[in-house]
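J.: return atomic coordinates for the entry below.
(one chain, ligands or ions: 1)
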Amino acid sequence: MNRKTLFSLIALVSVVAMLAVQCPGPGQPAENKLEIFSWWTGGGEADGLAQMFKIYSQKYPDTEIINATVAGGAGSNAKAVLKTRMLGGDPPDSFQVHAGQEIADWVKADMMEPLDDLYTSEGWDKVFPKDLLDILLVDGHYYSVPVNIHRANVLWYNKQVFTDNNLTAPKTFDDFFTVAGALEAKGITPLALGDNGPWAAVNLFETVLIGTLGQEGYNGLWNGRTSWDDPKVTQALENFKKMLIFVNEDHSALSWDQAAQYVIDGKAGMTIMGDWADGYFVSKGFTGYGWAPAPGNDGIFDMLSDSFGLPKGAKHRDNAINWLKVCGSFEGQEAFNPLKGSIPARTDGGKANYDEYLQSAMKDWASNKLCPSLAHGAAAPEGWVTAATDAIAVFVTKQDVSATQAALAQAAKDAMAQ
Ligand code: GAL
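T.: So this is what the prediction gives:
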């Protein structure tokens with residue numbers, strides 16, 4: 001072989017090699033990556049996510065995971081970023097979304113892949129509880145895979161503060177106001193709130209709605225059986241208004257976890273928040289917390305579930321499917337949930353190391369009556385949640401009961417007309 005032929009051969013081999021790198025086969029990603037989009041940046045939630053990444057990396061060591069998080073509880077900032085990316089044709093490989101109607105707009109826009117086949121092949125249609133499967137169905141199909149069950153209606157308190165002041169966890173609104181008054185008299189903030197994302201005030205308000213209307217009354221708000229003009233809704237707003245007297249002055253500057261930190265520090269006696277607060281306390285090594293259902297919420301589990309979906313056009317689709325398999329797996333859920341402060345979505349889960357609170361949540365999930373969370377996407381479609389959140393955000397500053405009730409009624413009317 002002469003020199004010229006040798007050089008041509010080398011050139012040819014290089015071009016073929018380059019093309020092989022640049023033109024992957026069908027289903028093969030251009031680069032071996034996996035981009036997961038979520039809002040889990042706080043203590044507990046970030047730790048849980050890291051555990052699922054660990055399991056993924058053990059199974060697929062060659063894949064580089066891109067942890068695309070946008071800080072802000074309940075997705076208050078992440079959802080806007082996601083929208084820009086989805087509409088700009090740059091979807092992440094998989095994104096966090098609450099089980100329920102939150103994904104419906106993306107489904108309607110034909111931007112999500114149905115996951116029914118995966119549900120069948122992975123056996124998820126048998127292993128997730130019926131109540132959750134019902135919530136997950138959008139137009140008769142599954143579009144996301146749940147990793148957990150969260151409870152939104154928990155009152156957390158600092159045990160030392162309560163013991164020092166001879167207090168017990170309040171059960172009713174009257175109890176709550178008595179306890180709050182006693183704490184205030186001692187110069188301790190009774191109720192920590194961190195609503196720099198207004199969803200946290202909605203989370204608090206939904207527990208007040210449940211506590212005032214009861215499970216059936218509250219659930220009726222989402223299917224038209226309970227009118228938003230009902231006097232009980234007026235009463236709920238009055239109760240909420242009275243509660244707001246007892247929150248920290250800097251509430252609008254704090255995030256939910258900063259409010260939980262007030263309870264750890266003994267600056268506040270209580271906070272009402274979902275059980276991701278359990279994950280936060282655990283991540284801070286804090287064990288001096290007690291819990292109880294929010295006032296009037298005994299025997300009722302205000303539920304929500306985090307799930308992951310597969311957008312059409314995901315750049316690393318095969319990797320994303322493998323991610324969803326980890327999300328729905330026994331192993332993935334057992335690694336994630338004890339740190340996240342949630343219980344597994346799988347009915348065969350709950351076998352690993354769950355703390356005392358989470359064990360009590362498992363019992364309650366199995367025996368309580370269920371309510372879907374408004375603030376966390378289980379009760380109503382996104383547009384309704386946004387309108388209700390706006391009304392509550394105004395209420396927190398202006399505290400006008402009748403104007404807010406009218407705004408909430410209008411939000412329901414608009415949503416139901418769609
Ligand atoms: C919820 C979410 C939880 C937790 C919380 C605070 O919406 O479902 O997993 O992350 O927000 O960020």
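J.: show me this structure divided up by domain.
T.: Here the domain parsing of the chain from automatic domain parsing is 33-150+304-372, 151-303+377-417.
J.: can you add distance to the ligand and mean neighbour count and give those domains back as TSV?
T.: Placement of C-beta: from N, CA and C, glycine included. Shown next, in TSV, are these (distance: least, C-beta to the nearest ligand atom, whole Å; neighbours: other C-beta atoms under 10 Å):
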stretch	distance to the ligand	mean neighbour count
domain 33-150+304-372	3	19
domain 151-303+377-417	4	20
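J.: switch these over to JSON lines; also include mean pLDDT.
T.: As requested, the domains of the chain are exported to JSON lines (pLDDT from 0 to 100):
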{"stretch": "domain 33-150+304-372", "mean pLDDT": "97"}
{"stretch": "domain 151-303+377-417", "mean pLDDT": "98"}
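J.: in the protein, which helix has the most residues?
T.: When the chain is parsed with DSSP state H, its longest helix is helix 199-220.
J.: which helix or strand lies directly C-terminal to that helix?
T.: Downstream of helix 199-220, the next assigned helix or strand under DSSP states H and E is helix 231-244.
J.: beyond that following helix, next helix or strand please.
T.: Counting by DSSP H and E, the next helix or strand C-terminal to helix 231-244 is helix 256-264.
J.: hey, C-alpha coordinates of whichever helix or strand comes after that following helix in PDB?
T.: Going down the chain from helix 256-264, the next helix or strand is strand 268-273, by DSSP H and E. Output of strand 268-273 as PDB, limited to C-alpha atoms (Å, rounded to 0.1, in the frame of the first residue of the first chain):
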ATOM      1  CA  ALA A 268     -42.100  29.400  66.900                       C
ATOM      2  CA  GLY A 269     -44.200  26.800  68.600                       C
ATOM      3  CA  MET A 270     -46.000  25.400  65.600                       C
ATOM      4  CA  THR A 271     -46.100  25.300  61.800                       C
ATOM      5  CA  ILE A 272     -48.800  23.700  59.500                       C
ATOM      6  CA  MET A 273     -47.100  22.200  56.500                       C
END
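J.: contact partners for residue 66?
T.: Under the criterion of C-beta atoms under 8 Å, 6 or more residues apart in numbering, the contact list for residue 66 reads 33-36.
J.: now do 10 Å
T.: 33-37, 92-93, 316 (C-beta atoms under 10 Å, 6 or more residues apart in numbering).
J.: a markdown table for these, including secondary structure?
T.: Shown next, in a markdown table, are these (DSSP: H, G, I helix; E, B strand; the rest coil):
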| residue | secondary structure |
| --- | --- |
| 33 | strand |
| 34 | strand |
| 35 | strand |
| 36 | strand |
| 37 | strand |
| 92 | coil |
| 93 | coil |
| 316 | coil |
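J.: quick revisit: what is the orientation angle of the longest helix of the chain with helix 231-244?
T.: Per axes from the mean of the first three to the mean of the last three C-alpha atoms, to 10 degrees, the angle that helix 199-220 makes with helix 231-244 is 160 degrees.
J.: just want the angle from helix 199-220 to strand 268-273.
T.: Counting by the same axes, to 10 degrees, helix 199-220 lies at 50 degrees to strand 268-273.
J.: for helix 199-220, the distance to its chain's centre please.
T.: Here helix 199-220 is found 17 Å from its chain centre; the criterion is C-alpha atoms, centre = their mean, to the nearest Å.
J.: put the alpha carbons of it into CSV.
T.: The C-alpha trace of helix 199-220 is given here as CSV (Å, rounded to 0.1, in the frame of the first residue of the first chain):
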residue,chain,number,x,y,z
TRP,A,199,-48.7,28.4,47.9
ALA,A,200,-47.7,28.0,51.5
ALA,A,201,-50.7,30.2,52.6
VAL,A,202,-52.9,28.1,50.3
ASN,A,203,-51.6,25.0,52.0
LEU,A,204,-52.6,26.4,55.3
PHE,A,205,-55.9,27.6,54.1
GLU,A,206,-56.9,24.2,52.6
THR,A,207,-56.4,22.6,56.0
VAL,A,208,-58.7,25.3,57.4
LEU,A,209,-61.3,24.5,54.8
ILE,A,210,-61.1,20.8,55.6
GLY,A,211,-61.2,21.5,59.3
THR,A,212,-64.3,23.7,58.9
LEU,A,213,-66.2,21.9,56.1
GLY,A,214,-65.2,18.3,56.9
GLN,A,215,-64.1,15.8,54.3
GLU,A,216,-67.3,15.6,52.4
GLY,A,217,-67.9,19.3,52.4
TYR,A,218,-64.3,20.1,51.2
ASN,A,219,-64.3,17.4,48.5
GLY,A,220,-67.6,18.8,47.2
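J.: was I right to think residue 248 contacts residue 265?
T.: No. Here residue 248 does not reach residue 265: they are 11.6 Å apart, not a contact under C-beta atoms under 10 Å.
J.: need the residues touching each of these two.
T.: residue 192.
J.: helix, strand, or coil at residue 301?
T.: Three-state call for residue 301 (three-state DSSP): strand.
J.: what do you get for residue 347?
T.: Following three-state DSSP, we place residue 347 in the coil state.
J.: what's near enough to touch it?
T.: Neighbouring residues of residue 347 by C-beta under 10 Å, 6+ apart: 126-130, 132, 366.
J.: mind putting these into JSON lines with secondary structure?
T.: Shown next, in JSON lines, are the contacts of residue 347 (three-state DSSP):
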{"residue": "126", "secondary structure": "helix"}
{"residue": "127", "secondary structure": "helix"}
{"residue": "128", "secondary structure": "coil"}
{"residue": "129", "secondary structure": "coil"}
{"residue": "130", "secondary structure": "helix"}
{"residue": "132", "secondary structure": "helix"}
{"residue": "366", "secondary structure": "helix"}
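J.: let me know the closest of these to residue 171.
T.: Using C-beta to C-beta, residue 366 is the member of the contacts of residue 347 that lies nearest residue 171, at 21.4 Å.
J.: my read: that closest one touches residue 129, true?
T.: Yes. Using C-beta under 10 Å, residue 366 is in contact with residue 129, at 9.2 Å.
J.: measure stretch 341-349 end to end?
T.: End-to-end distance for stretch 341-349: 14 Å, by C-alpha to C-alpha, to the nearest Å.
J.: got it, and stretch 116-133?
T.: Length of stretch 116-133, first residue to last, C-alpha to C-alpha: 12 Å.
J.: what distance separates that stretch from the centre of its chain?
T.: Mean C-alpha position of stretch 116-133 versus that of the full chain (C-alpha atoms, centre = their mean) differs by 20 Å.
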